[in-house]
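S.K.: Okay, here's the prediction I keep looking at, along with the sequence it came from:
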Amino acid sequence: MQGIANAIVVLWGWRRFAVAVIAGALSALAFAPFGLFPVLWLTVPVFIWLLDGADADEGAGFIRRLLPAAVVGFAFGLGFFVAGLWWIGAALLVDPGFAWALPIAVLALPAALALFWSLGAALARLAWIDGWPRLVAFAVAMALAEWLRGHLFTGFPWNAFGYALTPLPVMMQSASLVGLWGLTLAAFFIFAMPVLLIEPGRGARVAIAVALVLFGGNIAYGWWRLSGGPDPMVAGVTLRIVQPVIPQDERWEVAKPDTIVGRYVTLSRNGAPALTGVTDLIWPESAFPFLLTDHPEALSAIADLLPRGTTLITGAARGERVIGDDGGELIYNSIYVIDDVGEIRAAYDKVHLVPFGEYVPFGGLLRHLGLRQLIALPGGFSAGESRRTLTTPDGSSFEPLICYEAIFPGDVVAPGARPSWMLNVTNDAWYDGTPGPYQHLAEARLRAVEEGLPLVRAANSGVSAVVDAHGRILAALPVDEIGTLDSGLPAPLPATPYARFGDWPFWGLMMVVLALLGVRKFTYSDGSL
């Protein structure tokens, strides 16, 4: 192992870059749908050893001193994001007119995300201290880089590193305490630990013990938290989730509204003359290829479908007239609550839109250059004003999450009264046959653990599922399977520490770790600890 470490440390030029890319790409195996997290005990040490060798010439300026480390971080991140997110390019093949943008999705987006890892590696190298403290500096700097990736420029925390510690329910329970970002801080340190196996000194042995305690403690806490058995179910609630698997190239063909609505109605009946016993019928994101309020016959069909006491919760596009001289109409990606007489009782408009999917950033300029969003809607969707909790006619409340709104930790529940459950309607048909739908499910279910709220997912195609407040999947429909899913509704848990305090525990941990690192830097200059 020492020989391997030495060989990696002395790599230079394109060889260093190539090894970093390969190690980063292999690291993607730790995430859904593979979940092979032990691979990180091989690849993250490579990252550390490459940073060990990222020295600049003596007397180099500040930027030049950090540049070798920044390049290593960029290369590792590039491999990681290309291997983990290549499937995003599949959406561009639905419409041949977007095929030209495939290299941008497959290479340019990962390169942009890799810049955050480049920053993290440079910051880590800035605080580099030989021995175990460099692993602490690495974990703090990279966790900060991942937090920035999840927040800057609307944020894109997809495959954040902390998900590597959550392939199983028993491993994801600590998210109820520290959230995704706390897990991310722990993950970078835990998976860097093998570096210390070849380093002498009491400090290295203590650091190894700390990493093992963190990893084992995470599993032990999960085992304890799950030891109470299955979550209770809410009395008197029966959900029916419809997964129609409508091909993406048909979903916005206005010439087929009756066909698509008929498909939903037929599937909802599930071969029976009525929805006997179903209290909540759920259809996925953008279920209709038209504005529902412009088609009263569709609302009539819904009223005919729903028996007394049954509520339809469905994704739909919502139009709103603009008041003023110019007139026009704003279109929102929304969720409707519709009662058994076909009346729309409540609506939520998606707040966190997908750049280039639902709208074009810097719209006027980029549209002038010929760019448009993937969804064939002139002008794209407009963003809703704020998160809000919806209430069904029977008085139960739920938090609506449309598509990738479910991937943002700490931003899935509106302020105010706590809801009873979360609903994620989505359309992962853009990415059928790729890891995308499985990664989306993995990230959404961690929100259930963080918030202590059950999660219901309705996908056009993807993974429709019912997840309890501990992140356990109680029932699911596989990708590409047309059908319905009947299930009860799991009960919510009391608000978790993360639900109450958000990312403050994460920042507290960061401050404590930085303080310890500072003490080590200025106190133990002889390297004894």
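M.R.: Yep, that arrived.
S.K.: Now for this protein, the helix or strand with the poorest mean pLDDT.
M.R.: helix 363-368 (a mean of 51; mean pLDDT, DSSP states H and E).
S.K.: residue contacts, the spatially most central residue of the chain?
M.R.: With distances taken as C-alpha atoms, centre = their mean, I407 lies nearest the centre of the chain, 3.1 Å away. Taking C-beta atoms under 8 Å, 6 or more residues apart in numbering, we find I407 in contact with P157, W158, H440, E443, A444. In short, each C-beta sits where N, CA and C put it, glycine included.
S.K.: ok, back up a step: moving C-terminal of the least confident helix or strand of the chain, what's the next helix or strand?
M.R.: strand 390-391 (DSSP states H and E).
S.K.: Packing partners of that following strand?
M.R.: Secondary-structure packing of strand 390-391 (3 or more C-beta pairs under 8 Å, 6 or more residues apart in numbering; DSSP states H and E): strand 329-338, strand 344-349, strand 397-402.
S.K.: and it, what's its mean pLDDT?
M.R.: Mean pLDDT, strand 390-391: 95.
S.K.: Pull up the pairing partners for it, direction included.
M.R.: Strand 390-391 sits in its sheet next to strand 397-402 (antiparallel), going by DSSP bridges.
S.K.: then the strand it pairs with to PDB, C-alphas only?
M.R.: Coordinates of each C-alpha in strand 397-402 appear next as PDB, following Å, rounded to 0.1, in the frame of the first residue of the first chain:
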ATOM      1  CA  SER A 397     -52.300  18.700   5.000                       C
ATOM      2  CA  PHE A 398     -49.400  17.700   2.700                       C
ATOM      3  CA  GLU A 399     -46.300  19.400   1.300                       C
ATOM      4  CA  PRO A 400     -46.300  19.500  -2.500                       C
ATOM      5  CA  LEU A 401     -42.900  18.900  -4.300                       C
ATOM      6  CA  ILE A 402     -42.800  19.000  -8.000                       C
END
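S.K.: got the contact list for it?
M.R.: Against strand 397-402 from outside (C-beta under 8 Å, 6+ apart): 285, 313, 315, 333-335, 348, 350, 387-392, 412-414, 417, 419-426, 444, 447, 453, 456.
S.K.: Tell me the helix or strand right after it.
M.R.: Downstream of strand 397-402, the next assigned helix or strand under DSSP H and E is strand 421-426.
S.K.: Could you tell me which strands sit next to that following strand in the sheet, and their orientation?
M.R.: Sheet pairing of strand 421-426 (DSSP bridges) gives strand 397-402 (parallel), strand 455-459 (parallel).
S.K.: That strand to strand 329-338, inter-axis angle?
M.R.: Strand 421-426 runs at 130 degrees relative to strand 329-338, counting by axes from the mean of the first three to the mean of the last three C-alpha atoms, to 10 degrees.
S.K.: what about the strands in the chain?
M.R.: With DSSP state E as the criterion, the chain has strands at 233-243, 280-283, 311-321, 329-338, 344-349, 390-391, 397-402, 421-426, 455-459, 464-467, 473-477, 483-490.
S.K.: Rounded mean pLDDT for the second one, please.
M.R.: What that stands for is strand 280-283. In this model, strand 280-283 has a mean pLDDT of 97.
S.K.: In terms of pLDDT, where does the residue nearest to the centre of the chain sit?
M.R.: 96.
S.K.: Likewise for F189?
M.R.: 97.
S.K.: what about it, distance to L212?
M.R.: Relative to L212, F189 is positioned 11 Å away (C-beta to C-beta, to the nearest Å).
S.K.: of these two, who's got more company?
M.R.: F189 (23 against 12; other C-beta atoms under 10 Å).
S.K.: can you tell me which of the strands of the chain comes nearest to Q173?
M.R.: strand 464-467 (13.6 Å; C-beta to C-beta).
S.K.: send the alpha carbons of the closest one over as PDB?
M.R.: The C-alpha trace of strand 464-467 is given here as PDB (Å, rounded to 0.1, in the frame of the first residue of the first chain):
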ATOM      1  CA  SER A 464     -43.800   5.700  -7.900                       C
ATOM      2  CA  ALA A 465     -43.600   4.800  -4.200                       C
ATOM      3  CA  VAL A 466     -44.800   5.200  -0.700                       C
ATOM      4  CA  VAL A 467     -42.000   5.900   1.800                       C
END
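S.K.: what pairs with it, and is each one parallel or antiparallel?
M.R.: Strand 464-467 is paired, per DSSP bridges, with strand 455-459 (antiparallel), strand 473-477 (antiparallel).
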